[in-house]
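>>> Sequence first, then the predicted structure, then my questions.
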Amino acid sequence: GALVYQYPRRTICKSGTSMRMECQAVGFQATSVAWYRQSPQKTFELIALSTVNSAIKYEQNFTQEKFPISHPNLSFSSMTVLNAYLEDRGLYLCGARRDRNTGQLYFGEGSKLTVL
Amino acid sequence: GDSVTQTEGPVTLSEGTSLTVNCSYETKQYPTLFWYVQYPGEGPQLLFKVPKANEKGSNRGFEATYNKEATSFHLQKASVQESDSAVYYCALPSGSWQLIFGSGTQLTVMP
């Protein structure tokens, strides 16, 4: 079956430092990856959509300068939160798309960021 | 633009009672609709999906009908169990392939 692994599961970092998180698709080719942030209130914010060999599309309020993303192949994507501050805390979720026709995303367990 | 609105939580039920989580959507197309479930400490996982309007989807006793006329996709279960305690999300594809999620409904089932 389709599995998505995210690493690390949780990180505690000091204000102003950075955190890199990874997303690995196993058992399928992830042509597209969506990065979301889930707030403590459980709502989802879409950060960016990444497709292999295409430009990464960032949503409003999220920039490449703050959340650089790499998507070098069909099984791996990474995102970094640069200069993290309190408002960046949350659960960062990677959703990988396998089927172009349905829009279904397969999610990892998330990387939880706590900022001190 | 496309949007999803669902029952505001939290919802607390006793085991064996029935559940309804309302979901309404706005879209100009007729995409596949999804219900995702998220257990504590995990990422969201697909509960089930319905690709066609006016069809029903189901899994683990949960079901929902894709109602095109009413633009609704309400989640129901006749008899909830303690293990159903989780956050439930209605989701809708938007644009090329983004998924829009509802605000989530926290369900707690008491034994």
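Looks like it arrived, so ask away.
>>> part of a strand, is A:T80?
Yes - counting by DSSP: H, G, I helix; E, B strand; the rest coil, A:T80 is part of a strand.
>>> Contacts only, for the closest residue to it other than its chain neighbours.
Excluding the flanking residues, the one nearest A:T80 by Cβ to Cβ, 6 or more residues apart in numbering or on different chains is A:R20, at 4.4 Å. The C-beta positions use only the backbone N, C-alpha and C, and glycine is treated the same way. Contact analysis of A:R20 by Cβ atoms under 8 Å, 6 or more residues apart in numbering or on different chains lists A:78-81.
>>> Which of these are buried? Put it as a PyMOL command.
To isolate in PyMOL the members of the contacts of A:R20 that are buried, counting by 16 or more other Cβ atoms under 10 Å in any protein chain shown, one can use:
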select buried, chain A and resi 78+79+81
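>>> near chain A at all, the biggest strand by length in chain B?
Using DSSP state E, we find that the single longest strand of chain B is strand B:86-94. Yes - applying Cβ under 8 Å from any Cβ of the partner chain, one finds strand B:86-94 touching chain A at B:87, B:89, B:93.
>>> The first one: neighbouring residues, count only.
Think B:V87. By other Cβ atoms under 10 Å in any protein chain shown, the residues close to B:V87 number 19.
>>> residues in contact with it?
The contact partners of B:V87, by Cβ under 8 Å, 6+ apart, come to A:42, B:9, B:37-38, B:104-107.
>>> among the residues you listed, which ones are buried?
The buried subset of the contacts of B:V87 - by 16+ other Cβ under 10 Å - is A:42, B:9, B:37-38, B:104-107.
>>> can you list those residues in TSV and add secondary structure, pLDDT and distance to B:Y30?
Below are the buried ones among the contacts of B:V87 laid out as TSV (DSSP: H, G, I helix; E, B strand; the rest coil; pLDDT from 0 to 100; distance: Cβ to Cβ, whole Å):
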residue	secondary structure	pLDDT	distance to B:Y30
A:K42	coil	85	28
B:G9	coil	81	28
B:V37	strand	97	24
B:Q38	strand	96	26
B:G104	coil	94	24
B:T105	strand	95	24
B:Q106	strand	95	29
B:L107	strand	96	28
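>>> Just flag the most distant two among these.
B:G9 and B:V37 (13.2 Å; Cβ to Cβ).
>>> Show me which residues of chain B are close to chain A?
B:31-32, B:34, B:38, B:41-46, B:49, B:51, B:87, B:89, B:93, B:96-99, B:101, B:103-104, B:106.
>>> Restricted to buried residues, select these in PyMOL.
Selection of the buried residues among these in PyMOL, burial being defined by 16+ other Cβ under 10 Å:
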select buried, chain B and resi 31+32+34+38+43+44+46+49+51+87+89+93+97+98+99+101+103+104+106
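>>> I am finished for the moment; much appreciated.
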